[in-house]
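Asker: Sequence and predicted structure are below.
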Amino acid sequence: MSSAPEPHPAKRKRSLLGGLRSSFLTGLVVVAPVGLTLWLMWTVAGWVDGWVLPMVPAELHPERYIGVNLRGIGVLIFLIFTVIVGWMAKGIFGRALIRMGESIVDRMPVVRSVYSGIKQIAETVFNQGEEKFDKACVIEYPRPGLKAIAFVSSSAKGEVARLADDGDPLISVFLPTTPNPTSGFLLFVPRSQITYLDMSVEDAAKLIISAGLVYPSEKKPDPAKGKKSA
């Protein structure tokens, strides 16, 4: 029997380059998220250190005693300080101190507006008692026929709610942008024009951040629920 002809050297070379390219892309998919995450954590830690450590007396800096600049010490100090402030703010003395400070801020025209806006944002984002985005949904945007993913916030209230048609209340939704979902638009959409999604808010955020490359896996129906009881 005649042996099979050997592949042409050019084809072998292309095959080798294709394998190397595939391995490189696979490695990049693995290394890039880890590297970017570590870089981001390292950068944020350095930024917090540069903001916190100048407020700490030089005698208390760790590098003064060990001779090494430990990145992240400022983050640790900030966390401890924030926990202490939060613990004090829950007490009677802390609440009285906060009310006194806010009464002083209320007398400052420009500072009052800045403080009030930042406080409202912080309470909305960090307050554990407040509800966050309820559900992910799809609305027609920027024109009829095109679909966009948005997050349901709450039902419209006050003057905005009175603008709704009878029987079709307005719902406030947040329309995020890609790839940064923290920026976007606040829209008031009639309830009849909102299509709710089964995917969670986290999965919808991943879909937006990845520009449609990462789709959440669909939930498979439970076979036990489909069986009829004998």
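Answerer: In hand now; what should we look at? Numbering: from 1, shown residues only.
Asker: Now residue 93. Its backbone dihedrals?
Answerer: phi -60, psi -40 (degrees, to the nearest 10).
Asker: Could you give the number of residues near it?
Answerer: 9 (other C-beta atoms under 10 Å). From N, CA and C alone the C-beta is placed, and that goes for glycine too.
Asker: Residue 201 against residue 136, yeah?
Answerer: Yes: if you go by C-beta atoms under 8 Å, residue 201 and residue 136 touch, sitting 5.4 Å apart.
Asker: what ranges do the strands span in the protein?
Answerer: Secondary structure of the chain (DSSP state E): strands located at 136-140, 147-155, 170-176, 184-190, 195-196.
Asker: Go through those and pick out the most buried.
Answerer: Of all the strands of the chain, strand 170-176 carries the top mean neighbour count, a mean of 20, counting by mean count of other C-beta atoms under 10 Å.
Asker: For the residue nearest to residue 156 when sequence neighbours are not counted, list each beta-bridge partner.
Answerer: Distances taken as C-beta to C-beta, 6 or more residues apart in numbering place residue 170 nearest to residue 156, at 4.0 Å, with adjacent residues excluded. Note on residue 170: beta-bridge partners by DSSP bridges are residue 190.
Asker: what's near enough to touch residue 170?
Answerer: Residues counted as contacts of residue 170 (C-beta atoms under 8 Å, 6 or more residues apart in numbering) are 155-156, 160-161, 163-164, 188-191.
Asker: out of those, who's nearest residue 116?
Answerer: Sorting the contacts of residue 170 by how near they are to residue 116, with C-beta to C-beta, puts residue 160 at the top with 20.1 Å.
Asker: what pLDDT does the closest one get?
Answerer: For residue 160, the model assigns a pLDDT of 89.
Asker: Relative to residue 79, how far out is the residue nearest to residue 160 when sequence neighbours are not counted?
Answerer: Excluding its sequence neighbours, the residue lying closest to residue 160 (C-beta to C-beta, 6+ apart) is residue 188, at 5.9 Å. Distance, residue 188 to residue 79, using C-beta to C-beta, to the nearest Å: 38 Å.
Asker: returning to that earlier point: reformat the contacts of residue 170 as CSV; add distance to residue 109.
Answerer: Putting these into CSV (distance: C-beta to C-beta, whole Å) gives the following:
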residue, distance to residue 109
155, 34
156, 30
160, 27
161, 31
163, 31
164, 35
188, 31
189, 36
190, 39
191, 40
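Asker: any idea which of these is closest to residue 214?
Answerer: Checking the contacts of residue 170 against residue 214 by C-beta to C-beta gives residue 189 as the nearest, at 25.5 Å.
Asker: ok, now which ones touch that closest one?
Answerer: Contacts of residue 189 (C-beta under 8 Å, 6+ apart): 139, 150, 170-171, 173.
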